[in-house]
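Novice: I'll drop the sequence and a predicted model, then ask my questions.
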Amino acid sequence: MGWICPLTQLKHVSHENTFPADELAFWELTENGGSGWKVEDLPGDCGHAFHNDAVTKYFASSFESCLKRQIIDLLAEGFSCQDLDAQPHVTVDDW
């Protein structure tokens, strides 16, 4: 889930497929080496429950290089050109 902090205003960007329960929909798999990407039930090989009980699945990658990406249109998310020109701090979490 991404968080945007332009100046003093905090904006949350809601985007497609925030949780692995939707499998890998809305993700582009750019590298899918070895056994590739998959979605597993928690705790699974992860070994422990997640801190949010609503999360029951997680993304798992292979022993070889696995990369995924998602493009988010910040203008469509409600940011103005002025917001983006201010170069807001962007934090992306993938856990």
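Specialist: Okay, I see it. Numbers count the residues shown, from 1 in each chain.
Novice: mind listing the helices for this structure?
Specialist: Counting by DSSP state H, one finds helices in the chain at the ranges 81-85.
Novice: shaky segments in it?
Specialist: 1-21, 46-47, 94-95 (pLDDT under 70).
Novice: at 50 what do you get?
Specialist: The chain contains residues with pLDDT under 50 at 1-10.
Novice: could you pull out the strands for the chain?
Specialist: For the chain, the strands defined by DSSP state E occupy 2-5, 11-13, 28-32, 38-41, 57-60, 66-69, 89-92.
Novice: right, and these - which one's nearest H48?
Specialist: H48 sits nearest to strand 57-60 of all these, at 10.7 Å, using Cβ to Cβ. Every residue, glycine included, has its C-beta placed from N, CA and C.
Novice: Indicate each strand paired with that closest one and its parallel or antiparallel sense.
Specialist: As defined by DSSP bridges, the strand partners of strand 57-60 come to strand 38-41 (antiparallel).
Novice: Flag every buried residue along the strand it pairs with.
Specialist: By neighbour count on 16 or more other Cβ atoms under 10 Å, the buried set for strand 38-41 is empty.
Novice: Sweet, I'm off.
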